[in-house]
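*Asks:* A predicted structure for the sequence below; I have some questions about it.
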Amino acid sequence: MEKYRVSLTDEERDALTGLLMKGKAAARRIAHARILLLADEGQDDEAIAQAVAVSSRTINRVRKRLVTEGFLAALDHKPQPPRPDKVKIKGDVEQELVRIACSDPPEG
């Protein structure tokens, strides 16, 4: 696996420390902040994984996002791709279903 070196500016380090001090953020965002701070201190991935209770793959992903996409992208999780429509009934079948549901019930 390719290793990405984390080097934070003083402003970024202060922002992460402030985020951790508040404690009012999403758990994933706090974990990513801790990962970045520990990686900036030069700790290895195994020590970070034990301290933050995440996998080494997560640490590598956060490092990579910091280097390739920037500071804010590394803090937030990557959104999942849009899911296909969950509605399976469309068009004529939907119209027929509505017609049956709205009609009077059959005798018997």
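*Replies:* In hand now; what should we look at? Just so it is clear, the structure is predicted and the values come from calculations on it, not from any experiment.

*Asks:* CA only for contacts and neighbour counts going forward, please
*Replies:* Noted.

*Asks:* now residue 43, what's its secondary structure?
*Replies:* coil (DSSP: H, G, I helix; E, B strand; the rest coil).

*Asks:* burial of it, as a residue count?
*Replies:* 12 (other Cα atoms under 10 Å).

*Asks:* and the one 4 residues further on, by the same measure?
*Replies:* Using other Cα under 10 Å, residue 47 has 13 neighbouring residues.

*Asks:* one more: residue 51?
*Replies:* Neighbours of residue 51 (other Cα under 10 Å): 13.

*Asks:* same thing with residue 50?
*Replies:* 11.

*Asks:* same thing with residue 20?
*Replies:* For residue 20, the count of nearby residues is 16 (other Cα under 10 Å).

*Asks:* does it really touch residue 31, like I thought?
*Replies:* No. Using Cα atoms under 8 Å, residue 20 makes no contact with residue 31, being 9.2 Å away.

*Asks:* show me what the helix or strand residue 35 falls within is packed against.
*Replies:* Under the criterion of DSSP states H and E, residue 35 resides in helix 27-40. Contacts defined by 3 or more Cα pairs under 8 Å, 6 or more residues apart in numbering; DSSP states H and E place helix 27-40 against helix 10-22, helix 45-52, helix 56-69, helix 71-75.
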